[in-house]
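Engineer: Make a model of this:
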Amino acid sequence: MGQPVRVTVPGGDLHRGVREPDHLRMQTYRATVTLPAAHRDHAIAELRREVQRLSTAERGLELPDWSTLSVEGPVEVYGPRGEVCFEYRGNVKGRSIAERLAGRS
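Structural biologist: Below you'll find the predicted structure:
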């Protein structure tokens, strides 16, 4: 569906049915959280909270598409007092609510 359909008519070509792919209109949000213990479910909850904060603060109203959430970790890191902590990184795509309301979803 991403390629334009060309129809030859007398006088030139017409484009029809061409729509920009969804992934080109989506913003990618990246978040990192550090926890005192390795706990994937807690990390996912914290990553979701951080992405929600980023998506509303950065561009106004954005809708994260949670089906695109990917999580990496845990990775052992040292905290500010030398303690071992666990870092998780997450990526999620989001789309502007204004685009959705305009019918471009």
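
Engineer: Spell out the residue ranges of the strands in the protein.
Structural biologist: Secondary structure of the chain by DSSP state E: the strands cover 5-9, 12-16, 27-35, 62-78, 84-96.

Engineer: Just the CA coordinates for the third one, please, in CSV.
Structural biologist: Right, strand 27-35. Output for strand 27-35, consisting of C-alpha atoms alone and laid out as CSV, is shown next (Å, rounded to 0.1, in the frame of the first residue of the first chain):
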residue,chain,number,x,y,z
GLN,A,27,6.9,10.1,16.9
THR,A,28,9.3,7.7,18.7
TYR,A,29,9.7,8.2,22.5
ARG,A,30,12.6,6.7,24.4
ALA,A,31,12.7,6.4,28.1
THR,A,32,15.1,5.0,30.7
VAL,A,33,14.4,4.0,34.3
THR,A,34,16.7,2.8,37.0
LEU,A,35,15.4,0.5,39.7
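
Engineer: so which of the strands of the chain is the most packed in?
Structural biologist: Greatest average neighbour count among those goes to strand 84-96 (a mean of 19), per mean count of other Cβ atoms under 10 Å. Placement of C-beta: from N, CA and C, glycine included.

Engineer: Check which helices and strands that one is in contact with.
Structural biologist: Counting contacts by 3 or more Cβ pairs under 8 Å, 6 or more residues apart in numbering; DSSP states H and E, the secondary-structure elements packed against strand 84-96 are strand 27-35, helix 40-59, strand 62-78.

Engineer: State the paired neighbours of the last one in the sheet, together with their directions.
Structural biologist: Here the strand partners of strand 62-78, with direction, are listed using DSSP bridges: strand 84-96 (antiparallel).

Engineer: contacting residues around the residue nearest to residue 43 when sequence neighbours are not counted?
Structural biologist: If you skip the residues right next to it in sequence, residue 43 has residue 88 as its closest partner in space, 3.9 Å away by Cβ to Cβ, 6 or more residues apart in numbering. Counting by Cβ atoms under 8 Å, 6 or more residues apart in numbering, residue 88 makes contact with 32-35, 40, 43-44, 46-47, 71-75.

Engineer: what do you get if the cut-off is 10 Å, keeping everything else the same?
Structural biologist: In this structure, residue 88 makes contact with 31-35, 38-40, 42-44, 46-47, 71-75, judged by Cβ atoms under 10 Å, 6 or more residues apart in numbering.
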